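Engineer: using only what follows, build the 3D model:
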Amino acid sequence: MLKVNMSFKERVWEIVKKVPRGRVTTYKEIAKALGNKKACRAVALALKMNPKPIEIPCHRVVRSDGSIGGYSLGVDKKIELLKGEGVSIENGKVDLKKYFFSLNDSKS
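Structural biologist: Below you'll find the model as predicted:
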């Protein structure tokens, strides 16, 4: 079988595709899944370069404190998309106890 060597950003995008509708994960959670919990900013940069921001649902990634973070289509659009998926946002934050998706739980 041919092994494909994916770039860092492609690996980030593949991980983000696992986050289900109506749930969120964090930049740090993705960094941990990639083996470097300190790579949060690199994860954010990879998501900023996402060529398909709806298909690769980077709007489902928030900061570790539940605050919204950035989005290539604008923070208002990110909030709109999250609310459209049933994610409540109170005072600019998502309740991670209710909506957090652990990538450890998604490994097959």
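
Engineer: so who does residue 69 touch?
Structural biologist: Shown in contact with residue 69 (C-beta atoms under 8 Å, 6 or more residues apart in numbering): 27, 44, 61, 62, 63, 78. Every C-beta, even on glycine, is put in place using the N, C-alpha and C of the backbone.

Engineer: in which helix or strand would I find it?
Structural biologist: Residue 69 is part of no helix or strand when elements are defined by DSSP states H and E.

Engineer: from residue 34, how far off is it?
Structural biologist: For residue 69, the distance to residue 34 (C-beta to C-beta, to the nearest Å) stands at 17 Å.

Engineer: and the pLDDT at the residue most central in space within the chain?
Structural biologist: Closest residue to the average C-alpha location of the chain: residue 61 at 2.7 Å, with C-alpha atoms, centre = their mean. If you check residue 61, the pLDDT there is 98.

Engineer: quick check: buried residues in stretch 20-31?
Structural biologist: Across stretch 20-31, burial judged by 16 or more other C-beta atoms under 10 Å covers 23, 24, 25, 26, 27, 28, 29, 30, 31.

Engineer: who touches that stretch?
Structural biologist: The contact list for stretch 20-31, computed with C-beta under 8 Å, 6+ apart, reads 12, 15-16, 19, 37-44, 47, 57, 60-64, 69, 82, 85-87, 94, 96, 99-103.
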